[in-house]
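1. When you get a sec, could you give me coordinates for this:
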Amino acid sequence: MAKRASNAELVARTCRGENEAFEELVHRYNASVVALAYAILGERETARDVTQEAFIEALRRIDGLREPSKFANWVCGIARRMCIYRLRAAGRNPEEPLHESTARTEHADGPAARAERREREEATLAALRGLPLTYREVMVLRYLKERSYLEIAEILDLSPAAVEKRLVRAKEMLREKLRGYA
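-> Next up is the predicted model:
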């Protein structure tokens, strides 16, 4: 079985013009970048657009990446800045919770048996959108994208202890928002 190339190896190969190496980096981190962008923006299509733009910008600037092993953190940082810029350009404060008017819930038609589960999911996502950005990011990366504390710490440039504290606080905030929900 072939050894999986490290991020540093893939970055070096990309710098030498090997497009397949960059495609592998995109494949590895696309879902994480989309999740992060969605946590900030609250809109799936816009999150996908920003993700694509972030990877294009990363490719354009990859020769300047100082720590190739931290590619994931770097590309997430690019996407995060792009998201915050978009929010500010739209006159929104990135730290404010997302509201129903600024974050669309995607509705899917399905059998009646799934209606109750779907209702709970939508209530939870609405509560998640109501969290400040600092807490939304860690919740999405941990529970929707199933990233480890260490991976989240790298992506957000935090310590694992800070990630843990933010997750504890975010869960408390979510419990409060969902209190009384049947």
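
2. Pull out the buried positions in stretch 6-18.
-> Buried residues in stretch 6-18, counted by 16 or more other C-beta atoms under 10 Å: 7, 10-11, 13-14. Bear in mind the C-beta positions are built from the backbone N, C-alpha and C, glycine included.

3. Including secondary structure and pLDDT, could those residues go into a markdown table?
-> As requested, the buried residues of stretch 6-18 are exported to a markdown table (DSSP: H, G, I helix; E, B strand; the rest coil; pLDDT from 0 to 100):
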| residue | secondary structure | pLDDT |
| --- | --- | --- |
| 7 | helix | 93 |
| 10 | helix | 96 |
| 11 | helix | 95 |
| 13 | helix | 96 |
| 14 | helix | 96 |
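
4. And the residues you listed, which is closest to residue 126?
-> residue 7 (35.6 Å; C-beta to C-beta).

5. how near is that closest one to residue 45?
-> 28 Å (C-beta to C-beta, to the nearest Å).

6. and if you look at residue 35?
-> Shown here: residue 35 relative to residue 45, a distance of 14 Å by C-beta to C-beta.

7. the more surrounded of these two?
-> Taking neighbours as other C-beta atoms under 10 Å, residue 35 and residue 45 compare with residue 35 leading, 22 against 11.

8. what about that one, which helix or strand?
-> Taking DSSP states H and E as the criterion, the element that holds residue 35 is helix 19-41.

9. what do you get for residue 128?
-> Mapping residue 128 onto the secondary structure by DSSP H and E places it in helix 115-129.

10. Averaged pLDDT, that helix. What do you get?
-> Averaged across helix 115-129, the pLDDT comes to 73.

11. same thing with stretch 35-49?
-> 88.

12. how far out from the middle of the chain is stretch 131-140?
-> 9 Å (C-alpha atoms, centre = their mean, to the nearest Å).

13. Can I get that stretch in CSV, CA atoms only?
-> As requested, the backbone C-alpha atoms of stretch 131-140 are provided in CSV (Å, rounded to 0.1, in the frame of the first residue of the first chain):
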residue,chain,number,x,y,z
LEU,A,131,-24.4,31.4,18.2
PRO,A,132,-21.7,34.0,17.8
LEU,A,133,-19.1,33.1,15.1
THR,A,134,-16.5,32.1,17.7
TYR,A,135,-18.7,29.3,18.9
ARG,A,136,-20.4,28.4,15.6
GLU,A,137,-17.0,27.6,14.0
VAL,A,138,-16.0,25.1,16.5
MET,A,139,-19.4,23.4,16.7
VAL,A,140,-19.6,23.0,12.9
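
14. Having no further points to raise, I will conclude here.
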